[in-house]
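1. Provided below for reference: sequence and predicted model.
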Amino acid sequence: MSSRNLEQIECACGEQFEAELWTSISVMEDPELKESLDAGEINVVCCPACSKIFYVEHFLLYHDSKNELLAFVYPPSFVDQKKQLTQKMNTDIDNALVGLDADQKFSYRPILVFGLDALLEIIHADDQWEDELAILEFLSEELHFSVISLHPAQARRNDLPRLLPSVPVAGGNRRASVLAGLELLLGHNELLSHFRAIRDRIIKHTDWTLSPELIIGPL
Ligand SMILES: [Zn+2]
């Protein structure tokens, strides 16, 4: 659930005033807040004395359950407390999960982020994949190759998209199947630059593999 808190704010002009700041954003419930975040409109206030408009650094919990992105976003000035904050985050989540019903529990872990810019970088990196993933899904039906679906949070941690093409290779392993899938995909659309980068990375790493815990299953 998204929520706001009334906070005491001090302007550079010395004026002190109260304003509501977002402390929690749930993208599934309030998708428009993701757009506001992207537009730089989250936690921006206007000083009633000098009319200066400015962004206020504040803790934010950002949750996009579809993309398995749960981020604890602290102001950049907290970066030297990373170790303690990571411990606190993990304890908080473990405690919160205990209180959830079985159908609300989730298996992915939260990430610690410093600053909204760092959060936006992660969101943009995810969004940049969407066009290529749509083409992958379209071509997999047209060309009848299978698609491996990955857990989004784990795929992100491994710098992979949430879907990968796969073509069985006689006597081959998963690496060979994914590479064959990528070659087929890129053979039909050479403009898929993100998939091309993944293919080049896999070619370079001969020991590359897809660990089973990443995989949800074939689509
Ligand atoms: Zn002011």
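-> Now that the structure is in, tell me what you want to look at.
2. which strands and helices sit next to the longest strand anywhere in the chain?
-> The residue-count maximum for a strand in the chain (DSSP state E) belongs to strand 16-26. Strand 16-26 sits against strand 3-10, helix 31-38, strand 44-46, strand 60-64, with contacts defined as 3 or more CB pairs under 8 Å, 6 or more residues apart in numbering; DSSP states H and E. All C-beta spots, glycine's among them, are computed from the backbone N, C-alpha and C.
3. in its sheet, which strands sit next to the third one, and in what direction?
-> Same thing as strand 44-46. Strand 44-46 sits in its sheet next to strand 53-55 (antiparallel), going by DSSP bridges.
4. neighbouring contacts of the partner strand?
-> Defining contact as CB atoms under 8 Å, 6 or more residues apart in numbering, one finds that strand 53-55 is touched by 11-12, 40, 43-47, 116.
5. same question, stretch 176-188
-> By CB under 8 Å, 6+ apart, the residues outside stretch 176-188 that reach it are 136, 139, 143, 145-146, 148, 164-169, 172, 192, 195-196, 198-199, 202-203, 210.
6. and the protein, which residues reach the ion?
-> Within the chain, the positions lying close to the ion (CB under 5 Å from the ion) are 11, 13, 15, 47, 49-50, 52.
7. ok, 8 Å please
-> 11-15, 47-52 (CB under 8 Å from the ion).
8. which other residues reach stretch 132-145?
-> Stretch 132-145 is contacted by residues 146-147, 161-163, 165-167, 181, 184-185, 188-189, 192-195, 219 when judged by CB under 8 Å, 6+ apart.
9. returning to what we had before: a markdown table for the residues of the chain next to the ion, including neighbour count, secondary structure and pLDDT?
-> Formatted as a markdown table, the residues of the chain next to the ion follow (neighbours: other CB atoms under 10 Å; DSSP: H, G, I helix; E, B strand; the rest coil; pLDDT from 0 to 100):
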| residue | neighbour count | secondary structure | pLDDT |
| --- | --- | --- | --- |
| C11 | 18 | coil | 97 |
| A12 | 9 | coil | 96 |
| C13 | 10 | coil | 97 |
| G14 | 9 | coil | 97 |
| E15 | 13 | coil | 97 |
| C47 | 19 | coil | 97 |
| P48 | 11 | coil | 97 |
| A49 | 11 | coil | 97 |
| C50 | 11 | coil | 98 |
| S51 | 9 | coil | 97 |
| K52 | 12 | coil | 97 |
